[in-house]
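Enquirer: requesting a structural model of the entry that follows:
(chains A and B)
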Amino acid sequence: MEGAAEPGNLAGVRHIILVLSGKGGVGKSTVSTELALALRHAGKKVGILDVDLCGPSIPRMLGAQGRAVHQCDRGWAPVFLDREQSISLMSVGFLLEKPDEAVVWRGPKKNALIKQFVSDVAWGELDYLVVDTPPGTSDEHMAAIEALRPYQPLGALVVTTPQAVSVGDVRRELTFCRKTGLRVMGVVENMSGFTCPHCAECTSVFSRGGGEELAQLAGVPFLGSVPLDPALMRSLEEGHDFIQEFPGSPAFAALTSIAQKILDATPACLP
Amino acid sequence: MEEVPHDCPGADSAQAGRGASCQGCPNQRLCASGAGATPDPAIEEIKEKMKTVKHKILVLSGKGGVGKSTFSAHLARGLAEDENTQIALLDIDICGPSIPKIMGLEGEQYVEDNLGVMSVGFLLSSPDDAVIWRGPKKNGMIKQFLRDVDWGEVDYLIVDTPPGTSDEHLSVVQYLAAAHIDGAVIITTPQEVSLQDVRKEINFCRKVKLPIIGVVENMSGFICPKCKKESQIFPPTTGGAELMCQDLEVPLLGRVPLDPLIGKNCDKGHSFFIDTPDSPATLAYRSIIQRIQEFCNLHQSKEENLISS
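Expert: Next comes the predicted model:
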């Protein structure tokens, strides 16, 4: 059903950011989660939409596994993660009867659910909606962009690791952004080096330099490098708020700097 | 099949073409004619083509970035060390085809005389080309790879897959249904965020009756090149692959530690086995490859016994 963009459930959402990568396992969900937490700590109201239907990681990262989704008069109520309702989440993870149940759907069914996630979740008033995506340039991405296009997303954060194998896939993702008219706010390089906790030697576990090279090649801003940080890993595994609990950690500075760049790049809203 | 209605009942459902939601769909007539319900003739054609392929192994994971392509490449190289064995490596990650780069191929399809590779990566003219295809088109490409590539006499066909449990996975299992797949090797890292996706993958395998050869835990521990002490970059906060395998009764084939040289060699398209023959990771790979061969040979002799009895 086409029509002019009825404001509907996204009427109160000021800015939409997609987090993409051509490559799997580079840290899209990690970056989505930490960006949302950092923006929330900066006083913003944030929602996270997890459109990775086969591998929905975000509920666990925020300690929200097993929460139920309730219906309200405008559709589905998102799951609020705090009493102040400053951070909310929607994911297929909440709709599965059993957590180990595989979502074995072909494209059309995935597309249909993503459209519903965009139109039928009562997000309310949000400063930012962060949309986490699965790897690739396929059904989920096209469905999300088509459904979100009328609401003029602010842009996309593209995540890579330093390796050439990752950069190789992410270059294709940048082409996807160009072809679909999605502005690239910048490139984030994740897993940039590991500092040995025993001797403090820093090793480039997944090669080095790919993120900056990619940003330069594509003519987009390089937003920063996030190192491999065991405290970050544990926080994500255990569903804790890394931004609040580990301000001295190596990844903290990088993640909060990236969030600040997003805040700086966000146009001020007209009253 | 391109645009379908929101509540499409599915091309192979009893309601196909007949449901209320089918009105106005461009495929309504096709579905109503029952075309969706008849098996794809390609399945028989692929069965014929696959008669010259002795063993077929799928490399899967629910999770992205755990090392499927890295493992597939090492499995292929390891098996190909026996010059009398013909190996084929098929990359069905249509959106993110990593295998050409990892194998050091720009366009040629043979790494060695006995190791051939097929990937959509070879069909793209520029490294920036994006394959922005929906499911049905990806399925068509996979069908073509299996049916139209002249595989010849192959001892092992290794199929590298993208993360997830979607079109590509359903298609490869469906198209190879009549040709018999030996089994799946499932890759994970020690983290729960990976295991939670891998449990879904294991359930997918069981749902589609795909035998599971076993699980490989990748990035399992890191040895600092300076002080040689071990750290867990990806901590097994919920017991790692070992506990998951015990719970789900699947074999743990082995653990591969994180060696920064693996990544570097993949980036350059070099063989890690040749460049670092003594690395703990090399030893781990070799042991896992041996267990996979044992599984395949055991299965082959079981089948031969069945046929001859």
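Enquirer: now check stretch A:146-156, is it near chain B?
Expert: No: Stretch A:146-156 is not in contact with chain B by CB under 8 Å from any CB of the partner chain; minimum separation 10.7 Å. The way it works is simple: take the backbone N, C-alpha and C, and place the C-beta from them, glycine included.
Enquirer: likewise for stretch A:124-141?
Expert: Yes: using CB under 8 Å from any CB, stretch A:124-141 reaches chain B at A:Pro134, A:Pro135, A:Gly136, A:Thr137, A:Ser138, A:Asp139, A:His141.
Enquirer: list the residues that contact the residue in the stretch 101-250 of chain A that chain B sits nearest to.
Expert: Of all residues in the stretch 101-250 of chain A, A:Gly107 sits closest to chain B, at 3.0 Å by CB to the nearest CB. Contacts for A:Gly107 (CB atoms under 8 Å, 6 or more residues apart in numbering or on different chains) come out as A:Ser138, A:Asp139, B:Arg134, B:Gly135, B:Pro136, B:Ser166, B:Asp167.
Enquirer: repeat the analysis, applying 6 Å as the threshold.
Expert: A:Asp139, B:Arg134, B:Gly135, B:Asp167 (CB atoms under 6 Å, 6 or more residues apart in numbering or on different chains).
Enquirer: now B:Ala281
Expert: B:Val256, B:Pro257, B:Asp259, B:Ile262.
Enquirer: ok, the second one to A:Leu49 distance?
Expert: Which is B:Pro257. 36 Å (CB to CB, to the nearest Å).
Enquirer: neighbour count winner among these two?
Expert: A:Leu49 (26 against 18; other CB atoms under 10 Å in any protein chain shown).
Enquirer: so that one lies in a strand, does it not?
Expert: Yes: under DSSP: H, G, I helix; E, B strand; the rest coil, A:Leu49 sits within a strand.
Enquirer: now it: closest residue in space, sequence neighbours ignored.
Expert: Leaving aside its chain neighbours, A:Leu49 sits nearest to A:Val131 (4.7 Å; criterion: CB to CB, 6 or more residues apart in numbering or on different chains).
Enquirer: count the residues that sit near B:Asn84.
Expert: 6.
Enquirer: correct me, but A:Glu237 touches B:Thr237?
Expert: Yes: here A:Glu237 reaches B:Thr237: they are 4.3 Å apart, a contact under CB atoms under 6 Å.
Enquirer: quick one, what contacts A:His198?
Expert: Here A:His198 is in contact with B:Cys227, B:Lys229 (criterion: CB under 6 Å, 6+ apart).
Enquirer: helix or strand for it, which one?
Expert: Using DSSP states H and E, A:His198 falls within no helix or strand.
Enquirer: give me the distance between the residue of the stretch 101-250 of chain A closest to chain B and B:Asp160.
Expert: Taken as CB to CB, the span from A:Gly107 to B:Asp160 is 21 Å.
Enquirer: quick check, B:Leu146 in a helix?
Expert: Yes: under three-state DSSP, B:Leu146 falls within a helix.
Enquirer: could you look up the SS state of residue 111?
Expert: Picked chain A for this. Looking at A:Asn111 with three-state DSSP, the answer is helix.
Enquirer: meant chain B, my bad for not saying
Expert: strand.
Enquirer: likewise for B:Ile274?
Expert: helix.
Enquirer: find the pair from the contacts of B:Ala281 with maximum spatial separation.
Expert: Across the contacts of B:Ala281, the longest distance by CB to CB is 9.3 Å; it joins B:Pro257 and B:Ile262.
Enquirer: ok, now which ones touch the closest residue to chain A within the stretch 101-250 of chain B?
Expert: Closest residue of the stretch 101-250 of chain B to chain A, CB to the nearest CB: B:Gly135 (3.0 Å). By CB under 6 Å, 6+ apart, the contact set of B:Gly135 is A:Arg106, A:Gly107, A:Asp139, B:Asp167.
Enquirer: what are the bridge partners for the closest residue to A:Ser257 other than its chain neighbours, then?
Expert: Leaving out its chain neighbours, the residue that sits closest to A:Ser257 by CB to CB, 6+ apart is A:Gly224, at 5.4 Å. On the basis of DSSP bridges, A:Gly224 takes part in beta bridges with A:Val188.
Enquirer: doesn't A:Ala164 make contact with A:Phe206?
Expert: No: judged on CB under 6 Å, A:Phe206 makes no contact with A:Ala164 at a distance of 10.1 Å.
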